[in-house]
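*Asks:* Quick check, what structure comes out for this input:
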Amino acid sequence: LLFQKPKPKISASRRLFLKTKLLKKAMTMLENEKQFKKDERERILAERVPDLQISGLSLQDLQNFCKQLHQKIDVVDEERYDIALKVTKNDKEIQDLSQKIFDLKGKMKRPNLRRVRVSADAMLGALLGSKVKESVDFKANLKTVKKEEEKKEEVTDWRKNVDAMSGMEGRKKLFNAGQ
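*Replies:* Sure thing, here's the model as predicted:
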């Protein structure tokens, strides 16, 4: 009772009737479009390619006609080749731009990297190739560093220090100690 579906504004039979009407209308429009494309194609072909009139032509005229046809075929092939190149170039550019968009969105999922245990010798072998045969002692090449001990101030009783540091003598001692 809590999640009742709202009552549809249109009945199921009316919805079905409208759906079938839409489908019939779409079918007729599709058929009309196909017929229009077919008629358009026939018109363009009739315009560009006239009927051949080869009856009654001499051998020389037929040869000239064939040469003209071959020249037209060459021109069409060149145009087709140029258009194919443009299409492949545009496809490549579209692919590159879509890859850039994809990269900018940051949807690239990075695979989980697994930790691989590699010894120092194997790592050097992978980095330097097969040049390094013997084992390298890394500890021998390290510099030795001597640690300096920190100067520790003597902890004295502050009450004794107050008397010694009072007055101008104490300030003079602090000033000299700072330098």
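
*Asks:* Can you give me the buried ones in the host helix or strand of residue 19?
*Replies:* Residue 19 belongs to helix 12-48 when assigned by DSSP states H and E. Residues of helix 12-48 classed as buried: none (neighbour count, 16 or more other Cβ atoms under 10 Å). In short, each C-beta sits where N, CA and C put it, glycine included.

*Asks:* Helix or strand next in line after the helix or strand residue 90 falls within, which one?
*Replies:* Element membership for residue 90 (DSSP H and E) is helix 59-105. Next helix or strand after helix 59-105 toward the C-terminus (DSSP H and E): helix 120-128.

*Asks:* Summarise which helices and strands that next one is packed against.
*Replies:* Helix 120-128 sits against no helix or strand, with contacts defined as 3 or more Cβ pairs under 8 Å, 6 or more residues apart in numbering; DSSP states H and E.

*Asks:* In this protein, what helix or strand scores lowest on average pLDDT?
*Replies:* None of the helices or strands of the chain scores lower by mean pLDDT, DSSP states H and E than helix 158-165, at a mean of 63.

*Asks:* what pLDDT, on average, does the helix holding residue 19 get?
*Replies:* Helix 12-48 comes out with an average pLDDT of 95.

*Asks:* Check stretch 117-130 too.
*Replies:* 76.

*Asks:* Which residues belonging to that stretch are considered buried?
*Replies:* residue 124.

*Asks:* and residue 57, how many neighbours?
*Replies:* By other Cβ atoms under 10 Å, the residues close to residue 57 number 13.

*Asks:* That one: what's it in contact with?
*Replies:* Taking Cβ atoms under 8 Å, 6 or more residues apart in numbering as the contact definition, residue 57 lies against residue 65.

*Asks:* tell me which element it is part of?
*Replies:* Going by DSSP H and E, residue 57 is not part of any helix or strand.

*Asks:* Can you classify residue 4 by secondary structure?
*Replies:* coil (DSSP: H, G, I helix; E, B strand; the rest coil).

*Asks:* Residue 13 versus that one, what's the distance?
*Replies:* 22 Å (Cβ to Cβ, to the nearest Å).

*Asks:* where's the residue positioned nearest the centre of the chain relative to residue 12, distance?
*Replies:* When Cα atoms, centre = their mean is applied to the chain, the residue found nearest the centroid is residue 99 (3.0 Å). To residue 12, residue 99 is 47 Å away according to Cβ to Cβ.

*Asks:* next one: residue 61
*Replies:* Taking Cβ to Cβ, one finds residue 61 at 73 Å from residue 12.

*Asks:* Over to residue 83?
*Replies:* 52 Å.

*Asks:* State the distance from residue 6 to residue 17.
*Replies:* 21 Å.

*Asks:* ok, residue 105 - how many residues close by?
*Replies:* Quick note: residue 105 (other Cβ under 10 Å) scores 8 neighbours.
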